[in-house]
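Colleague: Please find the sequence and the predicted model below.
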Amino acid sequence: MSDDLHNSFLLEGPIDWPEVDAALEGLRLVQDHSSAWLRYRLLDCQDQSLRTSGRVLLDYDGALLLLSDSDAPRVQPAAPQGTFPADLPEGPVRALTHKMFPLRCFLIFATGSLQKVALRVVDDETKTQLRVECVTFDGDGTKGRLSLVTLSPLRGYTRAPQRVRAALRGAGATRGSAARIFAALAPEVAPYVSKPQTDFRQAETAFDVAVQTIANYIRVARENEAGVIADLDSEFLHDYRVALRKVRSVLSLFKDVFGIVQTAEMKAAFADLMAPTGRLRDLDVYLMEQDDYFALLPSSLHPGLRLMFETFAAERDSAHAGLAKHLKSRAYQDQITALAAQFDHPGGFVRGEAGAQPAAAYARKLIWKRYRRICKIASGIDETTPDAEVHALRIACKKFRYLVEFFAPLFAGKSAKRVIKRMKVLQDNLGAFNDYSVQQETLLAFVAQSPALRGARGIEAAQSIGALIAILDQRQRDERARVMENFTRFNSAGTRAHIHAICQAKGAQA
Amino acid sequence: MKIIACYSNKGGVGKTATAVNLAYAFAKNGARTLLCDLDPQGASGFYFRVKPSAKLQEAQFFEDVARFTRAIRASDYDNLDILPANLTFRDFDVFLSRMKNSRSRLKKALKSVKREYDVIVLDCPPNISALSEAVFKAADHVVVPVIPTTLSERTFDQLVAFFRARGLKTGKLAPFFSMVQGRKTLHCETMARMRKSHKNLFLGCEVPFSTDVEKMGVHREPALRYAESRPAGRAYLELFKAVNARR
Ligand SMILES: Nc1ncnc2c1ncn2[C@@H]1O[C@H](COP(=O)(O)OP(=O)(O)OP(=O)(O)O)[C@@H](O)[C@H]1O
Ligand SMILES: [Mg+2]
């Protein structure tokens, strides 16, 4: 009954209202008012989280209009300035987007002009039986116009909506949906895929899988370059790095798929691509967690902390400028283009011994091997083991998860997804353990090296950082204390059964 | 949820005009409102251009919750729905006698739509009968338009006596003076006398005799739509505020 997009219709071109009116039999259509042509912008974040969740966000006339496949439309004032959900004034769109993507900025996916017309279907006594709103979009880049008609049925009146629906269908209109509106307004914009799935119909051997997976992730990395350069939000760099990390993990996990020398060369090439990004990401993380840090320390220690963050902020500016320059440079562009070309046309690779193995059998073997490795490391961990072993477990888990992810489409049902899900708590635990340890190291390095830490302010900052390190150390130990418990919970009979199902399926070890 | 009955044991005193404007005022104030046209003549439905429902032909419509809710129609205004009268159900007394055996049925039927509405306004036909008694029981407030004439004075006294005789709470009664002609000394004297004899019972507002109200039949809209700032419109707003303020 409500006005979600199920009551809306899309038509390429204008609606012939006299024709709709003629089909109403005893009822008639009256037009109440029509707006001027207004400029609109179609908004979403880089991940297209709104599009993926069945929503469309339009910014026009100083307001944000959120249409949804499953909810009534939401309206709220637009942001006077700023591009993040947090920059929006309080309202339903802010609440939703801030929850969905607090770190991402809004991007403009399409622009144009729109006009709104309000109509009603009335009976012979001019009683309203149906409200109709028609929005006509005239996109800047698109050729024809697009009409979006939304019916708001009134309680007790079913005939009018039935007839209008039939008339609209007769005119060629089809059910509206967020996906279709987005596609019509921004026809050039492909849906964003952050975890491209390998198409195993095209990838029969281990070699094929490796090549396709790497090619996909190079593409993801490249899609994020512009956002890093323009410094739109921190997640462009994050996604860029994750994509490259996945490329590198394919190179190291898929043993003997490529020739030994070539593997080494590529590993080095991708390591080189990642190297200049690390510092900026670290600084981003610190600056994002600024509030948490302040919350950890009593306010008497805040001035010292402030000095540290000022230094970080300044360093971040120059780190970003440096990275942007690098990404725009001829040398970088040439290199990544060449790498991408190499994987798009894999004929030139030397194949390693394992390259010709059937993908599925190879996957099972690898996943099983990685799983055994996790179990082996975990079995050696108790309260006395050095932290290095816990780090080793973290890395092994991560590699295992990447492998399961890469090959997920190969396995029947949802077993791959289930395994990944069961690992989440353990991985979050290990991730936090690692973060606390890295943070301590960085803080120590900052105290040891930063030229900012001089004079009275410097001593104050060193004291604050000392207190912070003590807290982080305690937290790291808390995380560590939970690792074994989380591992045992992960490695339950259920999980083992899933992994068995994946690895020992019929025809495995062929 | 509040149930407000517009009732009088006398005909033509402005019950329908009151129900229509009260319901509209509640809806405009943001309350989800249902106006039930209990008068077989269907006058309040007429003012909202809502046609009488063909679906209410059977006598036991209040017993059939599904049919009851299906008959509801949206008005042209936000938050305001109408349950139109059933014109074909002429023999109202048959309906009333059925109600007699199960007095709480009406209340039950109203309860069945409880979750959807904040306010239910009943436009009642002029009777003291089984239905009226059911209405009195169901209603939280019984708004009674009283034309300040000697005859009305007597009928109102009868209503109060009826409430007392049946053990109904007279506190539910919310009488106000309707169709008041300030120039008539008779009106003024009657109002003064009645306010005194029924102390604190009468609401403060007085709806004047006005062509703006009569014109509702021409506009087929509540007077508050087109005469909000004129004396009659202002009086209906006062009436709304007074009723809305009651617990
Ligand atoms: N304040 C008023 N000033 C002038 N005319 C009025 C006023 N209130 C109502 N009327 C007119 O008086 C007539 C009767 O009013 P209304 O239908 O509201 O009374 P009612 O009590 O519902 O009547 P019934 O008993 O027939 O249901 C209508 O024509 C209406 O336009
Ligand atoms: Mg009436």
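Modeller: Received it, and whenever you're ready, just let me know what you need. Ligands and ions are numbered 1, 2, ... in the order given.
Colleague: can you give me the strands for the chain?
Modeller: I'll assume chain A. A:8-12, A:28-34, A:38-44, A:55-60, A:63-68, A:74-77, A:107-122, A:128-139, A:146-153, A:174-175 (DSSP state E).
Colleague: Oops, wrong one, chain B.
Modeller: With DSSP E as the criterion, chain B has strands spanning B:2-6, B:33-37, B:73-74, B:80-83, B:119-123, B:141-146, B:173-180, B:206-208.
Colleague: and A:Val132, which of these is closest to it?
Modeller: Closest approach to A:Val132 among those (CB to CB): strand B:73-74, 14.4 Å. All C-beta spots, glycine's among them, are computed from the backbone N, C-alpha and C.
Colleague: and the strands of chain A, which is most packed in?
Modeller: Mean neighbours per residue, mean count of other CB atoms under 10 Å in any protein chain shown, is largest over those for strand A:55-60, with a mean of 23.
Colleague: Okay, now the sheet partners of it, with direction.
Modeller: Partner strands for strand A:55-60, per DSSP bridges, with pairing direction: strand A:38-44 (antiparallel), strand A:63-68 (antiparallel).
Colleague: Show me the one of these that comes nearest A:Lys365.
Modeller: Of all the strands paired with strand A:55-60, strand A:38-44 comes closest under CB to CB, at 40.9 Å.
Colleague: Now do that closest one and strand A:128-139, the angle between them.
Modeller: If you take axes from the mean of the first three to the mean of the last three CA atoms, to 10 degrees, strand A:38-44 sits at 80 degrees to strand A:128-139.
Colleague: Between strand A:107-122 and strand A:38-44, find me the angle.
Modeller: Going by the same axes, to 10 degrees, strand A:38-44 makes 120 degrees with strand A:107-122.
Colleague: Show residues contacting strand A:38-44.
Modeller: With contacts defined as CB atoms under 8 Å, 6 or more residues apart in numbering or on different chains, strand A:38-44 is touched by A:50-51, A:56-61, A:64, A:106-116, A:137, A:182, A:185-186.
Colleague: Helix or strand with the lowest mean pLDDT in chain B?
Modeller: helix B:92-101 (a mean of 40; mean pLDDT, DSSP states H and E).
Colleague: ok, now which ones touch the one residue in chain B that gets nearest to ligand 2?
Modeller: Distance from ligand 2 to each residue of chain B (CB to the ion) is smallest for B:Thr16, at 3.3 Å. Residues counted as contacts of B:Thr16 (CB under 8 Å, 6+ apart) are B:Cys6, B:Asp39, B:Ala43, B:Ser44, B:Tyr47, B:Asp123.
Colleague: ok, now which ones touch the second one?
Modeller: If you count contacts by CB under 8 Å, 6+ apart, B:Asp39 has them with B:Thr16, B:Ala85, B:Asp123, B:Cys124, B:Pro125.
Colleague: burial of the closest residue to A:Ala461 other than its chain neighbours, as a residue count?
Modeller: Excluding the flanking residues, the one nearest A:Ala461 by CB to CB, 6 or more residues apart in numbering or on different chains is A:Gly304, at 3.9 Å. When neighbours are defined as other CB atoms under 10 Å in any protein chain shown, A:Gly304 has 22 of them.
Colleague: got it, and the one 5 residues further on?
Modeller: Applying the criterion other CB under 10 Å, we find 16 residues in the vicinity of A:Phe309.
Colleague: quick one: the nearest residue to it once chain neighbours are set aside and chain B, what's the gap?
Modeller: Nearest residue to A:Phe309, sequence neighbours excluded (CB to CB, 6+ apart): A:Gln290, at 5.6 Å. A:Gln290 sits 43 Å away from chain B, going by CB to the nearest CB, to the nearest Å.
Colleague: show me where the stretch 251-400 of chain A has helices.
Modeller: Ranges of helices in the stretch 251-400 of chain A, per DSSP state H, counting those that start in this stretch, are A:260-274, A:278-288, A:290-296, A:302-328, A:330-344, A:359-379, A:387-407.
Colleague: May I see the buried residues of the longest one?
Modeller: By that I understand helix A:302-328. A:304-309, A:311-312, A:315-316, A:319-320, A:323-324, A:326-327 (16 or more other CB atoms under 10 Å in any protein chain shown).
Colleague: just to revisit the earlier point, what about the contacts of B:Asp39, which one has the most neighbours?
Modeller: B:Asp123 (29 neighbours).
Colleague: Can you report how many residues lie near the nearest residue to that one once chain neighbours are set aside?
Modeller: Nearest in space to B:Asp123, with sequence neighbours left out and distances taken as CB to CB, 6+ apart, is B:Ala19 at 3.7 Å. Counted with other CB under 10 Å, residues neighbouring B:Ala19 total 29.
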